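Student: Quick one, fold the following:
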Amino acid sequence: MYVQIVDYHGNHISIDPSRVIKLRAATLSDEPVQTVFVDYASNGTFAKGTLPQMAKLFGTYIKLAELHAPDSTPIFVNKAGIAAVGVDNKYAGNAVLIVTVEFENMRVPARNKIAVQETVAEAQAILDAATFAV
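Tutor: A predicted model of the protein is given here:
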């Protein structure tokens, strides 16, 4: 099963939802406006739409947990892609989500940890409660 999205160039792209690890709205100044970054496997793309729209679309197929990046930006992560929740002092002692082996990115090791604003206990509770969006 593949989900069809339209990227910021207008191209139609098929993405296996089970390979998606994270969704976040484009927020940086050099990112395309009104898009969502879909981080999957060892790739990623900016899809046209809003974060709630993309969460609903992908959440039909995978369990998504809504957390926050260290700067308070909402993010959705694929519960199945998280192996553990730890602490990393580089992120003010907040939680980091450690991806499973299937989601590791050998080319960009920094993507193997997802920093979140929540504490370890809060992040774990949110992951435990993750459900399908539909």
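Student: pLDDT below threshold where in the protein?
Tutor: Low-confidence segments of the chain, defined by pLDDT under 70: 92-93, 133-134.
Student: residue nearest the centroid of it?
Tutor: Per CA atoms, centre = their mean, the C-alpha nearest to the average position across the chain is that of Lys22, at 1.2 Å.
Student: just checking, that one touches Lys113?
Tutor: No - with contacts counted by CB atoms under 8 Å, Lys22 stays clear of Lys113, the gap being 11.4 Å. Bear in mind the C-beta positions are built from the backbone N, C-alpha and C, glycine included.
Student: picking up where we left off before, so what's the residue nearest to the centre of the chain closest to, chain neighbours aside?
Tutor: Asp39 (4.2 Å; CB to CB, 6 or more residues apart in numbering).
Student: What is the burial count for the one you found?
Tutor: For Asp39, the neighbour count with other CB atoms under 10 Å is 23.
Student: hey, where'd the helices end up in the chain?
Tutor: Taking DSSP state H, the helices of the chain run over residues 51-59, 120-128.
Student: Include mean neighbour count when you put these into a markdown table, please.
Tutor: A markdown table is the format used below for these (neighbours: other CB atoms under 10 Å):
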| stretch | mean neighbour count |
| --- | --- |
| helix 51-59 | 19 |
| helix 120-128 | 16 |
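Student: Brilliant, that's me finished.
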